[in-house]
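Asks: okay, predicted coordinates and the sequence, questions at the end:
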Amino acid sequence: MSSQAISLFKKRRSQYALGKSLPVSQNDVTHLIKQAVREAPSAFNAQSSRAVILFGAESQKFWERAKDELRKIVPAEAFAATEGKLNSFAAGAGTVLFFVDTDVVKGLQEQFALYADNFPVWAEQSNGMAQFAVWTALADADIGASLQHYNPLVDQGVREAWGVPAHWTLRAQMPFGSNEAPHGEKTYMEDEARFKVFG
């Protein structure tokens, strides 16, 4: 059995060799990201995922700030490798910052007290699905990307630089751009170790 969805999932891969030559316009990329986040599911239709989309110099500014924060904690003799990695993200055309709106979560906790402990978990799951939706949509447009996690080191700088509300909690960063190298092969563990089927 063939599936168009599975074919798209297979196309989504981590790309670390990014360039600035997008195959579609900046407006098209923005529209694509917005659509993907909108269509990602969420418990109680909470729609708690938020995104900040940075292009060009704004994206580079984010990675420079990340570099500044990491320089404070990474030993000097090891920083060259860290800097090289961050430079590869900054070499892309842009970065999506993914957030959870904790005000939405708190509101649901108050409204549905029986499920209060679950709403933060469900919000994280929804945010993960939004990240996957965006990544897959970008891959379908032949745009490379990877998923990074430099929060909470960069949180305060993000709030200051882009006026992000305090109740938006940064969860992940996705640098994206043109594919400047082939994707590596993905390996899979044995099905027997991963799945159980009954009936």
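Replies: Cool, got the structure. Numbering: from 1, shown residues only.

Asks: tell me who's in contact with Ala172.
Replies: By C-beta atoms under 8 Å, 6 or more residues apart in numbering, the residues touching Ala172 are Leu97, Phe98, Asn127, Gln131, Leu147, Gln148, His149, Asn151. All C-beta atoms are positioned from the backbone trio N, CA, C, and that covers glycine.

Asks: Arg159 too?
Replies: Applying C-beta under 8 Å, 6+ apart to Arg159 gives the contacts Pro165, Ala166.

Asks: tell me which element it is part of?
Replies: helix 155-162 (DSSP states H and E).

Asks: neighbours of Ser42, how many?
Replies: Applying other C-beta atoms under 10 Å, we find 17 residues neighbouring Ser42.

Asks: now it: how far from His167?
Replies: 17 Å (C-beta to C-beta, to the nearest Å).

Asks: how about the lengthiest helix in the chain, which residues are buried there?
Replies: Criterion DSSP state H: the longest helix present in the chain is helix 119-140. Using 16 or more other C-beta atoms under 10 Å as the test for burial, helix 119-140 gives 119-120, 122-124, 126-131, 133-139.

Asks: let's see it as CSV, backbone CA atoms only.
Replies: Provided in CSV are the C-alpha atoms of helix 119-140 (Å, rounded to 0.1, in the frame of the first residue of the first chain):
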residue,chain,number,x,y,z
PHE,A,119,-2.9,20.1,29.9
PRO,A,120,0.8,20.9,30.1
VAL,A,121,1.6,17.5,28.6
TRP,A,122,-1.0,17.9,25.9
ALA,A,123,0.3,21.3,25.0
GLU,A,124,3.8,19.9,24.6
GLN,A,125,2.4,17.1,22.4
SER,A,126,0.6,19.6,20.3
ASN,A,127,3.7,21.7,19.9
GLY,A,128,5.7,18.7,18.8
MET,A,129,3.0,18.0,16.1
ALA,A,130,3.2,21.6,15.0
GLN,A,131,7.0,21.3,14.7
PHE,A,132,6.6,18.1,12.6
ALA,A,133,3.9,19.7,10.4
VAL,A,134,6.1,22.7,9.7
TRP,A,135,9.2,20.5,9.0
THR,A,136,7.2,18.2,6.7
ALA,A,137,5.7,21.2,4.8
LEU,A,138,9.1,22.7,4.4
ALA,A,139,10.5,19.5,3.1
ASP,A,140,7.7,19.2,0.6
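
Asks: and the helix or strand containing Glu58 with helix 155-162, angle?
Replies: Taking DSSP H and E as the criterion, Glu58 maps to helix 56-71. If you take axes from the mean of the first three to the mean of the last three C-alpha atoms, to 10 degrees, helix 56-71 sits at 150 degrees to helix 155-162.
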